[in-house]
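1. this is a predicted model, with the sequence first.
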Amino acid sequence: MDFRVNHAPVFSTLEFSLAQHEYVVAQPNSMLTMSAGISISAHVGRLDSDDESESANDAAVGDAAATPAKPRPRQSLFGSWFGGVKSMLGGESFFTAEFRAKSDEQTVVLAPESYGDIVVLDLQPDSGYFLTRGSYLANVGSTHVRIKYGGLKGLMSKKGLFLMHATGRGNVFCQTFGAIEHRKLEADETLYVDNRFMVAFSDTVTYKLVKASESLKDSLMSGEGLINRYTGPGDVYFQTRGKPTGGILTTLIDAAF
């Protein structure tokens, strides 16, 4: 499987070249074009492989060899629908789309809904990433994208009660609003980022909601209020523009979930 990002950094698209049985899991309604030998299937909630032997994408992305995919284990109706509800609470779609190649030399092109760049996260077995609300676009390889309960920590940091956690071996692709900035934090190194601009960060990075200034008056009157403090080690990806809010109702819903 090969992939490349085209038309960056504003009108980015993500193009995949697939061999037979290889597939891409993606956010619904993100397909721009596809060749005739691609089949589409829809699934409820997150779709990934719990066993590396079950996926045709087991090899690292870029390897030429492809292994026929084994049938997916059936998930209970309750389990799949509960997964869909958790995806919605994590700021993602209730459904997930799978684009699978029925023969060699097939292509799929995905287009994010926002004007911006595409972040490629390289997952290794010993590391993972947390994705912020609405940033997920697609994943390939033996990757596991789970919706995890974040509790009050996630709620108070304006990330919601549920967080998206990506682990495994392969690639996860994030859509951004504007250009993307990458900072690699050393141990105990800190960076303050407004949550509207955060895209993804390593699961080794800790975060906490803090005042933008020591003075509450300065924090509020500067328009910054409360921001998130990220402490390394690990990688932090943030975008140069914040998505416009949908009004007071949308803001309240986002704050709750």
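-> Structure received. Numbering: from 1, shown residues only.
2. is A138 bridged to anything, and to what?
-> Note on A138: beta-bridge partners by DSSP bridges are A26, F173.
3. what separates it from R196, distance-wise?
-> Using Cβ to Cβ, to the nearest Å, A138 is found at 23 Å from R196. Where C-beta positions appear, they are placed from N, C-alpha and C, glycine not excepted.
4. swap in G178?
-> For G178, the distance to R196 - Cβ to Cβ - is 11 Å.
5. grab the nearest non-local neighbour of S114.
-> F177 (4.6 Å; Cβ to Cβ, 6 or more residues apart in numbering).
6. what sits against the one you found?
-> Neighbouring residues of F177 by Cβ atoms under 8 Å, 6 or more residues apart in numbering: S114, Y115, G116, Q239, R241, G242, K243.
7. I'd say Q27 and S135 touch.
-> No. If you go by Cβ atoms under 8 Å, Q27 and S135 don't touch, sitting 10.0 Å apart.
8. and the strands in the stretch 1-150 of the chain?
-> Assigned by DSSP state E, counting those that start in this stretch, the stretch 1-150 of the chain shows strands spanning 2-6, 13-18, 23-26, 31-34, 38-44, 95-101, 106-110, 118-123, 129-131, 136-149.
9. tabulate those (JSON lines), appending mean neighbour count and distance to R229.
-> Shown next, in JSON lines, are the strands of the stretch 1-150 of the chain (neighbours: other Cβ atoms under 10 Å; distance: least, Cβ to Cβ, whole Å):
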{"stretch": "strand 2-6", "mean neighbour count": "14", "distance to R229": "30"}
{"stretch": "strand 13-18", "mean neighbour count": "21", "distance to R229": "31"}
{"stretch": "strand 23-26", "mean neighbour count": "24", "distance to R229": "32"}
{"stretch": "strand 31-34", "mean neighbour count": "15", "distance to R229": "38"}
{"stretch": "strand 38-44", "mean neighbour count": "15", "distance to R229": "36"}
{"stretch": "strand 95-101", "mean neighbour count": "21", "distance to R229": "33"}
{"stretch": "strand 106-110", "mean neighbour count": "21", "distance to R229": "33"}
{"stretch": "strand 118-123", "mean neighbour count": "20", "distance to R229": "21"}
{"stretch": "strand 129-131", "mean neighbour count": "24", "distance to R229": "15"}
{"stretch": "strand 136-149", "mean neighbour count": "22", "distance to R229": "21"}
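10. next, format those strands as TSV and append mean pLDDT.
-> Shown next, in TSV, are the strands of the stretch 1-150 of the chain (pLDDT from 0 to 100):
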stretch	mean pLDDT
strand 2-6	97
strand 13-18	98
strand 23-26	95
strand 31-34	97
strand 38-44	90
strand 95-101	92
strand 106-110	98
strand 118-123	96
strand 129-131	93
strand 136-149	88
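11. quick one: which of the ones you listed is nearest L209?
-> Distance to L209, taken as Cβ to Cβ, is lowest for strand 129-131 among those, at 14.8 Å.
12. outside of the closest one, which residues touch it?
-> Applying Cβ under 8 Å, 6+ apart, the external contacts of strand 129-131 come out as 121, 123, 163-166, 172, 174, 199-203, 235.
13. and that strand, which strands flank it?
-> Applying DSSP bridges, strand 129-131 is found paired with strand 162-175 (antiparallel), strand 198-202 (antiparallel).
14. give me the number of residues near Y230?
-> Look at Y230: counted by other Cβ atoms under 10 Å, it has 22 neighbours.
15. residues contacting it?
-> By Cβ under 8 Å, 6+ apart, the residues touching Y230 are L185, T190, L191, Y192, V193, F201, V205, T206, Y207, V236.
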